[in-house]
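Chemist: any chance you can model this:
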Amino acid sequence: MKPLKIILVVAIIGLLISCAGDDYIPLEEPTAIDLQLETVLNTLAGGKGNSYFILPASDDFKAIPQDPLNPLTKEKVALGKLLLHDPATGGNPKDPDNAHLYSCASCHAAPSGFSSGKIQGIGEGGQGFGLFGEGRILNPQMNSELIDVQPLRSPNLLNLAYQDVMLWDGKFGSTGINIGTEAQWDNIPENKMGFEGVEVQAMQGLKTHRLKIDKNFADTYGYIPLFDQAFPDLPVEQRYTDKAAALAIAAFERTLLSNRAPWQNYLKGDKMAMSDTEKKGALLFFGAAKCYECHNGPALKDKKFHAWGMADINEGTEHVLIQEAMNMENTALGRGGFTKNAADNYKFKTPTLYNLADNTVYGHGGSFNSIREVIAYKNNGKPQKSVVPVHQLASQFGAILLSETQIDQLTAFISGALRDPDLQRYEPLGLNSGMCFPNNDTASRIDSGCDNG
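Modeler: Numbers count the residues shown, from 1 in each chain. Model prediction:
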């Protein structure tokens, strides 16, 4: 073979090998529907194109929205990743027998899309896990009033870097939409410190969910070096504390991005990442179905609150635990229950739509069992809660009039194209404590295949 031909062959082989890498985008001519979708997205993005909807890489800290009071570092994120999953943090139980059996991930596990696999998440007082959290049950031996459950569905942790406030009513956070709500902060001291919602949620969560992280914890489980690396500028007396731990957890949570979903790959140029049905669903999402009016930007959610008349957690047919301390009447008011503004009544925070397919319950009260059911509900416009005033309901409710085929296409887009298939990358390979996660009770260890008794 002549030298020139050899060079050409080697070059072609090299090109083929390089194209097999993870960054390779298949070369395919855009179809008519691709061109139509490109035009629609560019218009909605104000001329910014697909980049407006693209989530950053999880280690691209400069591109990830963050609290100026809690800048992201790889050391802080690494520490938070362990703390969020480690049942060793469960050191402040109501029942001493439950010590070190639960963690943040009990209600926010990767297999269930970082939310609870059941209508009502269970921290302390839960047993088992199942495949994606659906198998967690109440401990029948524990006083039901002492079990750690909440009056709403556990919020999804994915893409929360793109919101200023946290919880369904948005009460956590001192910036963004919460400016002007200072009169309601008496029981939220972290809001008064100027932190954003993700950080406030982490701080409040450690208290509410009976977690304990202090110098003794850090020393016992070998976390001292990790705290030192994550917070080298903090005085030693402030370094091994629940506040520092919460900031690390919040930093990790901000990196939980669904950036490997087919939709994200499509936006980056892979026209084969979605099926034609999913593409048609995307056109509906950003067009006739008007989903984009509330679900926009990289995380597909605005920073607002809307009323859809969905039932609360205690109004369905499935049994949930309602405790005396729960103020269900106030909880039912959503945003209005926090702001005390009647105009906010029955409005709840817009959630991200990524990885909904990893779960089987939807809505702030878990009153739906499939993604299609939610879409059909919004399309039909018949509220589950008759007490919600018509003028409070979202303007899109019942005003879209999609066909059954269109509902199927929209369902395909949300359930398939918006599902990141590799959330396990956000789980630690192991914990400093050696415990099983997300829970460390006997039933959970069996369900999770954990051999560390």
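Chemist: below-threshold pLDDT in the stretch 1-150 of the chain: ranges please.
Modeler: Scanning the stretch 1-150 of the chain with the threshold set as pLDDT under 70 gives 1-27.
Chemist: recalculate using a threshold of 80.
Modeler: For the stretch 1-150 of the chain, residues meeting the criterion pLDDT under 80 lie at 1-28.
Chemist: all strands of it, in order?
Modeler: All strands of the stretch 1-150 of the chain, identified by DSSP state E, counting those that start in this stretch, fall at 126-127, 137-138.
Chemist: tell me what the last one is packed against?
Modeler: So that's strand 137-138. Contacts defined by 3 or more C-beta pairs under 8 Å, 6 or more residues apart in numbering; DSSP states H and E place strand 137-138 against strand 126-127. All C-beta spots, glycine's among them, are computed from the backbone N, C-alpha and C.
Chemist: ok, residues contacting the strand it packs on?
Modeler: Contacting residues not belonging to strand 126-127 are listed as 102, 106, 136-139, 147-148, 439, 441-444 [C-beta atoms under 8 Å, 6 or more residues apart in numbering].
Chemist: stretch 385-398 now?
Modeler: Taking C-beta under 8 Å, 6+ apart as the rule, stretch 385-398 contacts 290, 293-294, 306-312, 315, 332, 345-347, 378-383.
Chemist: for the record, mean pLDDT for it?
Modeler: Average pLDDT, stretch 385-398: 96.
Chemist: next one: stretch 301-318
Modeler: pLDDT averaged over stretch 301-318 gives 94.
Chemist: give the buried residues for that stretch.
Modeler: Across stretch 301-318, burial judged by 16 or more other C-beta atoms under 10 Å covers 301-303, 305-313, 316.
Chemist: now swap in stretch 43-57 and tell me
Modeler: Within stretch 43-57, the residues scored as buried using 16+ other C-beta under 10 Å are 44-45, 50, 52-53, 55-56.
Chemist: restricting to C-alpha, output stretch 137-156 in PDB.
Modeler: C-alpha atoms of stretch 137-156 as PDB (Å, rounded to 0.1, in the frame of the first residue of the first chain):
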ATOM      1  CA  ILE A 137     -44.000   0.800  55.400                       C
ATOM      2  CA  LEU A 138     -44.700   2.200  58.800                       C
ATOM      3  CA  ASN A 139     -43.200   0.400  61.800                       C
ATOM      4  CA  PRO A 140     -46.200  -1.100  63.600                       C
ATOM      5  CA  GLN A 141     -44.300  -1.200  66.800                       C
ATOM      6  CA  MET A 142     -43.700   2.600  67.000                       C
ATOM      7  CA  ASN A 143     -46.100   5.200  68.300                       C
ATOM      8  CA  SER A 144     -47.700   6.600  65.200                       C
ATOM      9  CA  GLU A 145     -47.500  10.200  66.500                       C
ATOM     10  CA  LEU A 146     -43.700   9.900  66.700                       C
ATOM     11  CA  ILE A 147     -43.100   8.600  63.200                       C
ATOM     12  CA  ASP A 148     -41.500  11.100  60.800                       C
ATOM     13  CA  VAL A 149     -44.000  11.700  58.000                       C
ATOM     14  CA  GLN A 150     -45.100  14.900  56.200                       C
ATOM     15  CA  PRO A 151     -48.500  16.200  55.200                       C
ATOM     16  CA  LEU A 152     -47.400  16.500  51.500                       C
ATOM     17  CA  ARG A 153     -45.600  14.500  48.900                       C
ATOM     18  CA  SER A 154     -41.800  14.600  49.300                       C
ATOM     19  CA  PRO A 155     -40.500  17.200  46.800                       C
ATOM     20  CA  ASN A 156     -38.100  16.100  44.000                       C
END
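Chemist: quick thing: my sequence starts at 28, can you match it?
Modeler: Renumbered: residue one is now 28, and that last one reads stretch 164-183.
Chemist: just to revisit the earlier point, can you say which of the strands of the stretch 28-177 of the chain is packed in most?
Modeler: A comparison of the strands of the stretch 28-177 of the chain by mean neighbour count, using mean count of other C-beta atoms under 10 Å, puts strand 153-154 on top with a mean of 24.
Chemist: partner strands of that one, with direction?
Modeler: If you go by DSSP bridges, strand 153-154 pairs up with strand 164-165 (antiparallel).
Chemist: list of residues touching the strand it pairs with?
Modeler: So strand 164-165 is in contact with 149, 152-155, 171, 174, 348, going by C-beta under 8 Å, 6+ apart.
Chemist: ok, then the element right after it?
Modeler: Sequence order places helix 224-235 as the next helix or strand after strand 164-165, per DSSP states H and E.
Chemist: tabulate the CA atom coordinates of that next one in PDB.
Modeler: Output of helix 224-235 as PDB, limited to C-alpha atoms (Å, rounded to 0.1, in the frame of the first residue of the first chain):
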ATOM      1  CA  GLY A 224     -34.200  28.100  49.600                       C
ATOM      2  CA  VAL A 225     -31.900  25.000  48.900                       C
ATOM      3  CA  GLU A 226     -29.700  26.000  51.800                       C
ATOM      4  CA  VAL A 227     -32.600  26.800  54.200                       C
ATOM      5  CA  GLN A 228     -34.300  23.500  53.300                       C
ATOM      6  CA  ALA A 229     -31.100  21.600  54.200                       C
ATOM      7  CA  MET A 230     -30.700  23.300  57.500                       C
ATOM      8  CA  GLN A 231     -34.300  22.900  58.500                       C
ATOM      9  CA  GLY A 232     -34.400  19.400  57.200                       C
ATOM     10  CA  LEU A 233     -31.700  18.200  59.600                       C
ATOM     11  CA  LYS A 234     -33.800  19.400  62.500                       C
ATOM     12  CA  THR A 235     -37.200  18.300  61.200                       C
END
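Chemist: any idea how far the following helix or strand past it is from the middle of the chain?
Modeler: Going down the chain from helix 224-235, the next helix or strand is helix 242-247, by DSSP H and E. Between the centre of helix 242-247 and the centre of its chain there are 29 Å (C-alpha atoms, centre = their mean, to the nearest Å).
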